[in-house]
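In: What follows is a predicted structure for the sequence shown.
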Amino acid sequence: MADILEYKCPCCGGAITFDSRLQKMKCPYCDTEFELDTLKEFEEEKLDEDQDPNWEKENVMYSHEEMKEETEGLFSYICESCGGEIIADENMAASRCPYCDNPVIVRKQVNGILRPDVIIPFKLDKRQAEEQLRSHLNGKTLLPSLFKTESRLQEVKGIYVPFWLYDCDAQAEIRCRATRTRRWESEDYQYKETQYYLVSRSGNIGFVNVPVDGSVKMDDALMQSIEPFSYEEAVPFETAYLSGYLADKYDQTSAECAPQANERMRKSTVEAFMDTITGYTSCVPEHTDIQLQQGRIRYALLPVWILHTTYNGNLYTFAMNGQTGKFVGDLPADKAKALWIGGLVFAGVFLFTMLVTMML
């Protein structure tokens with residue numbers, strides 16, 4: 001069996017990809033559309049055909065240590081469409097051939113224990129990602145005027161990012177110090193009364209699909225910023241969904257990512273219990289005891305559009321949720337505009353203060 005999987009149109013032989021608008025496989029050459037189940041049956045029939053050995057994968061012993069270091073962590077695959085060589089790192093699961101641009105999938109990265117449990121297919125395409133970037137730039141007062149015209153869109157890529165999804169039950173006991181303050185006036189005196197309370201809460205709360213990205217390449221803060229995903233639309237994993245997109249397998253295990261999930265669940269537990277405490281002037285947690293139990297973990301691939309732009313020699317990265325369209329990313333600020341706006345605000349406050357003083 002070949003290392004590289006390419007989905008071919010049964011009608012014309014062209015490379016087919018997953019169409020996020022149709023939620024089907026579509027051939028860009030003859031416009032034929034396929035349901036995933038139909039294509040899967042066709043691919044299973046092809047597996048019964050005779051297979052020739054892949055001579056190109058014969059191991060080669062390098063004689064120079066420099067060559068070993070240079071190629072460490074890199075793998076070579078042969079495109080079945082044009083015969084071109086595809087160089088990839090050890091985590092690549094889906095990509096495109098640099099010669100014929102056909103979508104390819106690395107079988108070993110999505111089989112066996114590396115096979116994801118679920119996947120959320122892309123619902124938004126590249127054009128919509130570019131439109132969201134333009135919309136993101138609108139209304140930004142401090143954005144340099146030339147950024148819209150001189151910034152260059154270097155790269156737009158749809159990536160299935162590996163995530164670990166954690167389900168858990170939390171049993172918690174929380175103790176807080178609370179105050180209730182009352183103020184009043186009598187004749188020429190002002191009074192303030194503060195009462196102190198010890199407030200406690202205990203109970204259970206459940207968490208489902210707490211996500212932590214399992215890719216070192218992806219910025220954790222950026223991935224959290226495009227949440228939430230609608231996990232009701234997650235479907236059992238099929239390799240056909242990867243066709244036409246990039247994908248990596250996880251390079252951080254579920255055990256390595258678990259502390260982040262635990263911290264998010266503990267923080268959310270405290271916030272949920274604190275929301276039940278009302279009627280006090282202040283309330284501060286003094287002691288928390290949170291036990292996480294009945295843990296369950298699933299491996300998922302979630303759709304993310306990554307966009308890179310350059311301006312004044314600097315690289316700016318944006319991310320868009322490929323399912324919901326939520327868009328995030330940092331932008332440069334015009335220092336001159338910031339000083340000018342700050343000066344206007346200061347002048348306004350100063351004039352308002354002067355007018356109030358004169359009226360008194």
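Out: Yep, it's here. Numbering: from 1, shown residues only.

In: What ranges in this structure fall below the confidence cut-off?
Out: Applying pLDDT under 70 to the chain flags residues 1-4, 39-74, 76, 84-85, 88, 99, 140, 142, 150-151, 333-360.

In: For stretch 25-37, list every residue counted as buried.
Out: Using 16 or more other CB atoms under 10 Å as the burial criterion, the residues of stretch 25-37 that qualify are M25, K26, C27, F34, L36. From N, CA and C alone the C-beta is placed, and that goes for glycine too.

In: Format those residues as a markdown table; extra columns: secondary structure and distance to T194.
Out: Listed next are the buried residues of stretch 25-37 as a markdown table, based on DSSP: H, G, I helix; E, B strand; the rest coil; distance: CB to CB, whole Å:
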| residue | secondary structure | distance to T194 |
| --- | --- | --- |
| M25 | strand | 67 |
| K26 | strand | 68 |
| C27 | coil | 73 |
| F34 | strand | 71 |
| L36 | helix | 65 |
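
In: so can I have a markdown table of those residues showing distance to S230?
Out: What follows is those, written out as a markdown table (distance: CB to CB, whole Å):
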| residue | distance to S230 |
| --- | --- |
| M25 | 22 |
| K26 | 23 |
| C27 | 29 |
| F34 | 25 |
| L36 | 19 |
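
In: among those residues, which two are most distant?
Out: Using CB to CB, these span at most 14.0 Å, a distance reached by C27 and L36.

In: ok, of the buried residues of stretch 25-37, which one's closest to E233?
Out: Among the buried residues of stretch 25-37, and counting by CB to CB, the member closest to E233 is L36, at 14.6 Å.

In: Give the full set of residues in contact with the closest one.
Out: Each residue near L36 by CB atoms under 8 Å, 6 or more residues apart in numbering is listed here: K24, M25, E238, A240, Y241.

In: Tell me how far it lies from A240.
Out: As judged by CB to CB, to the nearest Å, L36 and A240 stand 5 Å apart.

In: Find residues that contact each of those two.
Out: Common contact partners of L36 and A240 (CB under 8 Å, 6+ apart): M25.

In: that older thread, so which of the buried residues of stretch 25-37 is the closest to E232?
Out: Closest approach to E232 among those (CB to CB): L36, at 18.5 Å.

In: residues in contact with the residue nearest to the spatial centre of the chain?
Out: The centroid of the chain falls nearest to M223 when counting by CA atoms, centre = their mean (3.5 Å). Residues counted as contacts of M223 (CB under 8 Å, 6+ apart) are V161, P211, D213, V304, A319.

In: mind running it again at 6 Å?
Out: Counting by CB atoms under 6 Å, 6 or more residues apart in numbering, M223 makes contact with D213.

In: Secondary structure of it: a helix, I assume?
Out: Yes - assessed with DSSP: H, G, I helix; E, B strand; the rest coil, M223 lies in a helix.

In: Tell me how far the spatially closest residue to D248 that is not a sequence neighbour lies from K249.
Out: Using CB to CB, 6 or more residues apart in numbering and skipping residues adjacent in sequence, the residue nearest D248 is N91, 4.5 Å away. Relative to K249, N91 is positioned 5 Å away (CB to CB).

In: Then W184?
Out: As judged by CB to CB, W184 and K249 stand 66 Å apart.

In: more neighbours, those two?
Out: Taking other CB atoms under 10 Å, W184 and K249 do not tie; K249 has more neighbours (22 against 9).

In: Closest one of the buried residues of stretch 25-37 to G83?
Out: When the buried residues of stretch 25-37 are compared for distance to G83 (CB to CB), C27 wins out at 21.3 Å.

In: wait, doesn't the closest one sit right on T17?
Out: No - assessed by CB atoms under 6 Å, C27 is found out of contact with T17, at 8.5 Å.

In: can you tell me which helix or strand T38 belongs to?
Out: Here T38, judged by DSSP states H and E, is contained in helix 36-46.

In: I misspoke; the intended subject was I174.
Out: Taking DSSP H and E as the definition, I174 sits inside strand 152-186.

In: List the strands paired with that strand, with their directions.
Out: Here strand 152-186 is paired, per DSSP bridges, with strand 189-213 (antiparallel), strand 246-248 (parallel), strand 282-311 (antiparallel).

In: Now the last one: buried residues?
Out: Right, strand 282-311. Buried residues in strand 282-311, counted by 16+ other CB under 10 Å: 283, 290, 292, 297-307, 309, 311.

In: sorry, back to before: tell me who's in contact with the residue nearest to D248.
Out: N91 neighbours (CB under 6 Å, 6+ apart): D248, K249, D251.

In: would you say the last one is within a helix?
Out: No - counting by three-state DSSP, D251 falls outside a helix, being coil.

In: Surely it and V216 touch.
Out: Yes - with contact defined as CB under 6 Å, D251 reaches V216; the gap is 5.2 Å.

In: Next, the contact list for A129, please.
Out: Taking CB under 6 Å, 6+ apart, we find A129 in contact with V156, W305, M320.

In: quick check, nearest of those to L146?
Out: Distances from L146 to the contacts of A129, taken as CB to CB, are shortest for V156 (21.2 Å).

In: Burial check on the closest one, number of neighbours?
Out: What V156 shows, counting by other CB under 10 Å, is a neighbour count of 17.

In: picking up where we left off before, in a markdown table: the contacts of A129, plus distance to C168.
Out: Listed next are the contacts of A129 as a markdown table, based on distance: CB to CB, whole Å:
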| residue | distance to C168 |
| --- | --- |
| V156 | 36 |
| W305 | 30 |
| M320 | 29 |
